[in-house]
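J.: sequence and predicted structure below; questions after.
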Amino acid sequence: MKGSRIRHSIQLSVSDLAVTEAFYAGILELPVQRSFTPSGAPDHILVDMGGIALIFVEEADVARAHPLLEQRLGIFPHGIGVTFHFEVKDIEGISDAIMQEDMEILYPLEIKPYGIKEMWCFDPDGYLVVLDEPVEISAAGRVVKKSEPI
């Protein structure tokens with residue numbers, strides 16, 4: 001990561017990097033980058049959030065690189081106490097994809113009175129993900145379609 005514009009990162013362990021990549025890149029359509037790692041270095045994916053990066057690494061690779069952490073990695077399930085908030089486009093399509101994949105939804109898609117569509121779900125490793133998409137609300141309290149005047 002030296003030389004990149006990312007100044008801060010958060011590394012998270014996951015069970016299966018391909019499944020994590022399919023969720024964040026495929027379903028959420030976030031800017032996921034696959035690592036180009038030197039031989040022997042753990043493979044990872046990176047989500048650049050504009051100065052802060054989320055780095056996902058397989059738990060087995062973390063345990064191999066840091067044997068002292070192996071026992072702790074197995075004590076607690078992934079995702080405990082971690083919540084990600086992402087602004088997305090086409091939240092209805094994302095909601096449909098999450099339901100088709102039979103993923104766990106904490107709060108289904110809902111239009112909030114403060115001008116967002118929001119849903120809460122869990123990623124494949126149990127990390128809580130809050131998704132929102134801004135919408136325009138008319139004075140009458142209904143969602144304004146792009147072609148409608150407010």
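T.: Yes, it's here.
J.: please look at Val14 and Glu59 and confirm they touch.
T.: Yes: under the criterion of C-beta atoms under 8 Å, Val14 makes contact with Glu59 at 6.6 Å. From N, CA and C alone the C-beta is placed, and that goes for glycine too.
J.: okay, and the common contacts of the two?
T.: Counting by C-beta atoms under 8 Å, 6 or more residues apart in numbering, the contacts common to Val14 and Glu59 are His78.
J.: when these two are compared, which one has more neighbours?
T.: Counted by other C-beta atoms under 10 Å, Val14 and Glu59 do not tie: Val14 has more neighbours, with 25 against 19.
J.: how about the contacts made by the residue most central in space within the chain?
T.: Central residue check for the chain by C-alpha atoms, centre = their mean: the C-alpha nearest the mean position is that of Tyr24, 5.3 Å away. Contact criterion C-beta under 8 Å, 6+ apart gives Leu30, Val32, Ile45, Val47, Phe56, Asp123 as the residues in contact with Tyr24.
J.: name the SS class of the fourth one, please.
T.: What that stands for is Val47. Assigned with DSSP: H, G, I helix; E, B strand; the rest coil, Val47 falls in the strand class.
J.: now it: closest residue in space that isn't a chain neighbour?
T.: Leu54 (4.3 Å; C-beta to C-beta, 6 or more residues apart in numbering).
J.: and that neighbour, its phi and psi?
T.: Recorded main-chain torsions at Leu54 are phi -100, psi 130, according to degrees, to the nearest 10.
J.: tell me the secondary structure at Met99.
T.: When classified by three-state DSSP, Met99 comes out as helix.
J.: likewise Arg64?
T.: Following three-state DSSP, Arg64 is assigned to helix.
J.: what's around the closest residue to it other than its chain neighbours, how many residues?
T.: In space, and not counting its chain neighbours, Arg64 is closest to Pro42: 7.5 Å by C-beta to C-beta, 6+ apart. The number of residues packed near Pro42 is 15, by other C-beta under 10 Å.
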